[in-house]
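Peer 1: below: sequence and its predicted model.
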Amino acid sequence: MSELPLLPTTVIGSAPMPSWLVVAKEQIREGRFGEDDIRETLDDAVRVALLDQEEAGIDILGEGELRRDGYLSGVFRLTGLRRLEQRKKIGAVSYDRQARMEAVEPIGAPEGLGVAEEFAFARAHTRKPLKATCPGPITLTQRIQPGKVYKDRLDVAWALVPLVNAELRKLVAAGATFIQIDEPSYAGYPTTHEQAEVEQAVEVFNATVEGVKAKIGLHICFGNNEGRPSRRRSYRSLFPAVLQVRAEQIALEFASREMAEAELFRGFGDKELGAGIIDQKSFYVERPEEVADRVRALLRHGPREKLYLNPDCGFYPTPRHVALAKMGGVIRSPTRRSGGCWPPSRSGLPPRAGTGPPARRPACFPRRPQGSASPSPPAPPAARSPNR
């Protein structure tokens, strides 16, 4: 089982797209690629995403979601839906131009959501710990109108629970031991944010992960369509009810909000916090010292042993050169290097003798014990392409 350092680093989901992949996807949509061309292109894109993370020094990698046409593309694999005509086709690409579906019969997923297949390929192409990411039922309902088949959006979500649960079980069979469920809709649903309604969302989540033998994470953000949020950016109304989810980790946005609500970490108890300490929506590349300040702001409210470091959300809307620089800023953070044991000097090094803690390796440095939960065990890598 792989050991993780204190303050492990990971990603949330989507990787930044290389320019050649943007061009290739345009040509794929135009029908200019054959089936083998598409597979080769997307396989190479995933290899690049994994290599980018490895070279940046990220501890727990993500598959990158580059095969998806948007992170909710799994909705197009569902049966029982008809696609609705877009009511807005002109202007900035954003939430009001997303494709919508309507239920015309009970929803099914005879071929799954495709997430397990994505993970299996990535697992075969890296030795590092790997996290799987899967959209949750309530977020999948963003694109689905109930029609005459279902009573309301919550009813649609319950119909999706066994379909997502089946995909999670397939992920475990493919070797996943850390699965992140993406539910950005929690920040805007239920719309009143009354605790009883939040408890309904928690009930849906817990049913979704029932019997899934893996470490479970829950990611809640405020939307990331072309780098734009879609909701009021506060988690406070979700607490404390959301802490009843059967998840070992909850990942939240902080960096884009100047670390607002960092004090929520106090109530996490045995749960881990996946803290967004990189603002992937901004072109500004955080300096390592600024990342360190954000980490220390969180450590005022919770233990370092329960803190993971990640961007606020996926890097899909971020230019690749900016995303790579931002990932590097996390790894170079002096607090990350010191395990958060003391406020580092401007050089990023521990204090000099006589001006702070002793120079010997402090007790907070030991790596996580072998018995602690860790992401998917490495598999022997597949033969690499000569282009790798």
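Peer 2: Looks like it arrived, so ask away.

Peer 1: shaky segments in this protein?
Peer 2: 1-2, 70-73, 87-89, 91-98, 188-194, 223-231, 333, 335-388 (pLDDT under 70).

Peer 1: so where do the helices sit in it?
Peer 2: 19-29, 35-56, 115-123, 137-140, 153-173, 195-208, 288-299, 320-331, 334-338 (DSSP state H).

Peer 1: got the angle for the second one vs helix 320-331?
Peer 2: Compare the direction of helix 35-56 with that of helix 320-331 by axes from the mean of the first three to the mean of the last three C-alpha atoms, to 10 degrees and you get 40 degrees.

Peer 1: swap in the first one?
Peer 2: Note on geometry: by the same axes, to 10 degrees, helix 19-29 and helix 320-331 are set 130 degrees apart in direction.

Peer 1: other SSEs contacting helix 19-29?
Peer 2: Contacts defined by 3 or more C-beta pairs under 8 Å, 6 or more residues apart in numbering; DSSP states H and E place helix 19-29 against helix 35-56. Heads up, the C-betas are built off the backbone N, CA and C, glycines and all.

Peer 1: repeat the analysis, applying 10 Å as the threshold.
Peer 2: helix 35-56, helix 320-331 (3 or more C-beta pairs under 10 Å, 6 or more residues apart in numbering; DSSP states H and E).

Peer 1: just name the most buried of those.
Peer 2: helix 320-331 (a mean of 19; mean count of other C-beta atoms under 10 Å).

Peer 1: turn the helices of the chain into CSV, including distance to residue 305.
Peer 2: Listed next are the helices of the chain as CSV, based on distance: least, C-beta to C-beta, whole Å:
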stretch, distance to residue 305
helix 19-29, 38
helix 35-56, 23
helix 115-123, 27
helix 137-140, 30
helix 153-173, 25
helix 195-208, 24
helix 288-299, 11
helix 320-331, 18
helix 334-338, 14
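
Peer 1: picking up where we left off before, closest one to residue 16 among the helices and strands packed on helix 19-29?
Peer 2: helix 320-331 (3.9 Å; C-beta to C-beta).

Peer 1: assess the claim that residue 182 and residue 12 are in contact.
Peer 2: Yes: counting by C-beta atoms under 10 Å, residue 12 is a contact partner of residue 182 at 8.1 Å.

Peer 1: need the overlap of contacts for the two.
Peer 2: Listed as contacting both residue 182 and residue 12 by C-beta atoms under 10 Å, 6 or more residues apart in numbering are 65, 133, 217, 219, 221, 251, 313-314.

Peer 1: of all the helices and strands packed on helix 19-29, which lies closest to residue 209?
Peer 2: helix 35-56 (25.4 Å).

Peer 1: now stretch 236-250 - C-alpha only, PDB.
Peer 2: Extracted in PDB, the C-alpha atoms of stretch 236-250 (Å, rounded to 0.1, in the frame of the first residue of the first chain):
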ATOM      1  CA  ARG A 236     -22.700  27.500   5.400                       C
ATOM      2  CA  SER A 237     -26.300  26.500   4.800                       C
ATOM      3  CA  LEU A 238     -25.300  22.900   4.000                       C
ATOM      4  CA  PHE A 239     -23.800  22.400   7.500                       C
ATOM      5  CA  PRO A 240     -24.000  20.500   9.700                       C
ATOM      6  CA  ALA A 241     -26.400  18.200   7.800                       C
ATOM      7  CA  VAL A 242     -23.900  17.500   5.000                       C
ATOM      8  CA  LEU A 243     -21.500  16.000   7.400                       C
ATOM      9  CA  GLN A 244     -23.800  13.000   7.700                       C
ATOM     10  CA  VAL A 245     -22.700  11.800   4.200                       C
ATOM     11  CA  ARG A 246     -21.000   8.400   4.200                       C
ATOM     12  CA  ALA A 247     -17.800   9.800   2.800                       C
ATOM     13  CA  GLU A 248     -14.300   9.900   4.400                       C
ATOM     14  CA  GLN A 249     -13.400  13.100   2.600                       C
ATOM     15  CA  ILE A 250     -15.300  16.300   1.600                       C
END
